[in-house]
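Enquirer: Model the following, please.
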Amino acid sequence: MKIYLPQLDYLKSIFILLMILFHLVYIGDHYPYIKNVVYTFHMPIFLILSGYLSSADKNGKLFIQSVWWLFVPYAIMEMGYVLAASFLPVREHVGELNLQMVIARVFIDPIGPYWYLHTLLICRIIHYCTNKLATGRLSSLSFLIVLGMFYWGISESSGIINFAYSMYFLIGIAIRNSAVKFLSLFQPSAWSILPLVILCSKQENLLGLKLSGVCITYLTISLSLWVYPQLHAKAKALCCAIGRNTLVILLFSPLFTMLSRFYQPFFMFDLSGFCFALFTVPITIIGCLAIAWGMDKCRISQWFFGKERILSI
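Expert: Numbering: from 1, shown residues only. This is a model prediction of the structure:
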């Protein structure tokens with residue numbers, strides 16, 4: 001059993017905030033280079049954390065329930081996103097809306113930020129099934145190799161997951177199964193900023209699927225963990241509260257980033273986009289948590305998430 005690490009919730013909070021920030025089209029368009037830097041590491045880090053927190057030791061019934069109650073909100077929100085993209089002027093605009101296309105988006109090729117949940121579901125299912133087949137038959141290293149081969153095979157044969165992203169999930173599993181502690185592997189260090197800046201200064205390094213992207217991902221975690229002890233206690237508590245609710249923020253944040261397009265012209269007095277971002281990001285976080293709170297109060301969470309309470313404060 002793994003010991004609770006508040007640093008993990010802190011990391012999740014940092015990268016969910018960056019996800020929201022650069023899903024704002026105005027910000028992404030004004031700062032494309034910074035957006036490319038953030039996109040190099042933020043989802044790979046989420047996948048590493050997801051792999052690290054993934055457990056294949058549950059019995060079959062509990063595992064199926066956990067997968068089902070991740071699939072249900074994912075599928076509902078993905079279908080909603082596809083529907084909205086069919087009539088809203090978004091970048092991922094959907095032309096002809098039909099049942100076949102919606103099913104394909106949910107099961108094969110999702111749009112919007114929900115591709116992460118799609119990848120997570122597939123990686124978790126393959127991890128669990130491989131673990132059940134390999135228990136007592138393979139060493140830890142052999143298990144990781146076989147699991148990696150399954151990820152590669154499914155990626156090459158069907159294309160429903162990206163092999164490189166599944167490798168980040170595999171890295172998280174490898175860390176969990178090893179004797180190395182997370183905070184020992186990702187050493188907090190202020191010095192990480194030097195090689196991080198050097199790597200991020202060249203466009204060709206800004207790809208999470210390359211070795212340079214792996215290095216950027218590692219250095220970003222190292223630097224972020226160094227920042228954590230420097231924060232005030234209230235800032236730490238706030239970050240951890242956000243980190244514990246990344247699922248609801250990921251699910252509901254597109255509602256607010258889409259709506260932000262309608263009031264963004266009121267912030268044109270600040271061409272930097274700073275005021276727009278400073279207003280929209282907190283509103284998005286508060287709005288997502290408010291939706292989760294309302295679902296808990298109205299007892300909708302048990303039908304949407306399979307839990308009486310989804311909000312964790």
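
Enquirer: which residues does residue 302 contact?
Expert: Neighbouring residues of residue 302 by CB atoms under 8 Å, 6 or more residues apart in numbering: residue 308. In this view, the C-beta of every residue, glycine as well, is placed from N, C-alpha and C.

Enquirer: and the gap between it and residue 124?
Expert: 22 Å (CB to CB, to the nearest Å).

Enquirer: Longest helix of the protein, counting residues only.
Expert: helix 60-85 (DSSP state H).

Enquirer: helix or strand right after that one?
Expert: helix 99-107 (DSSP states H and E).

Enquirer: contacting residues around that following helix?
Expert: With CB under 8 Å, 6+ apart as the criterion, helix 99-107 contacts 75, 78, 79, 82, 94, 111, 160.

Enquirer: which stretches of the stretch 101-250 of the chain aren't confidently modelled?
Expert: Within the stretch 101-250 of the chain, the ranges that satisfy pLDDT under 70 run 208.

Enquirer: and with 90 instead?
Expert: 101-105, 109, 111-113, 133-140, 158-159, 177-181, 183, 206-210 (pLDDT under 90).

Enquirer: those strands in it, which residues are they?
Expert: Taking DSSP state E, counting those that start in this stretch, the stretch 101-250 of the chain contains no strands at all.

Enquirer: can you pull the contacts of residue 171?
Expert: 48, 51.

Enquirer: Please tell me how far it sits from residue 52.
Expert: Taking CB to CB, one finds residue 171 at 8 Å from residue 52.

Enquirer: What is the neighbour count of the residue nearest to residue 215 when sequence neighbours are not counted?
Expert: Excluding its sequence neighbours, the residue lying closest to residue 215 (CB to CB, 6 or more residues apart in numbering) is residue 199, at 6.0 Å. Residue 199 has 17 neighbouring residues, counting by other CB atoms under 10 Å.

Enquirer: Repeat that for residue 183.
Expert: 12.

Enquirer: Which strands or helices does the longest helix of the chain pack on?
Expert: helix 99-107, helix 115-134, helix 246-263, helix 301-304 (3 or more CB pairs under 8 Å, 6 or more residues apart in numbering; DSSP states H and E).

Enquirer: still on that earlier bit, I'd say the residue nearest to residue 215 and residue 207 touch.
Expert: No - at 11.1 Å, residue 199 does not count as touching residue 207 under the criterion of CB atoms under 8 Å.

Enquirer: Name the SS class of residue 307, please.
Expert: coil (DSSP: H, G, I helix; E, B strand; the rest coil).

Enquirer: Give me the distance between it and residue 289.
Expert: 15 Å.

Enquirer: more crowded one of those two?
Expert: residue 289 (19 against 12).

Enquirer: May I have the residues that are in contact with the more buried one?
Expert: So residue 289 contacts 245, 248, 249, 311, 313 (CB under 8 Å, 6+ apart).

Enquirer: how about a cut-off of 6 Å?
Expert: Contact partners of residue 289, counting by CB atoms under 6 Å, 6 or more residues apart in numbering, are absent.

Enquirer: And the one 3 residues further on, by the same measure?
Expert: For residue 292, the set of contacting residues under the criterion of CB under 6 Å, 6+ apart consists of 248, 310, 311.

Enquirer: thinking again about what came up before, settle this for me: the residue nearest to residue 215 is touching residue 205, isn't it.
Expert: Yes - the pair residue 199 / residue 205 is scored as a contact, 4.9 Å apart, by CB atoms under 6 Å.

Enquirer: so what's in contact with those two at the same time?
Expert: residue 212.

Enquirer: State the distance from the most centrally placed residue in the chain to residue 307.
Expert: The centroid of the chain falls nearest to residue 46 when counting by CA atoms, centre = their mean (4.5 Å). Here residue 46 is placed at a distance of 21 Å from residue 307 (CB to CB).

Enquirer: how close does the residue nearest to the centre of the chain sit to residue 191?
Expert: 25 Å.

Enquirer: now swap in residue 37 and tell me
Expert: For residue 37 relative to residue 191 (CB to CB), the value is 19 Å.

Enquirer: Ok, residue 79 next?
Expert: 46 Å.

Enquirer: Neighbour count for those two, which is higher?
Expert: Neighbours were counted for residue 79 and for residue 191 using other CB under 10 Å; residue 79 has more, 16 against 12.

Enquirer: Could you report the neighbour count for the nearest residue to that one once chain neighbours are set aside?
Expert: Computed as CB to CB, 6+ apart, the closest residue to residue 79 that is not its neighbour in sequence is residue 102, at 5.8 Å. By other CB under 10 Å, 17 other residues sit near residue 102.

Enquirer: same check, this time on the one 10 residues further on
Expert: Residues lying near residue 112 (other CB under 10 Å) number 22.
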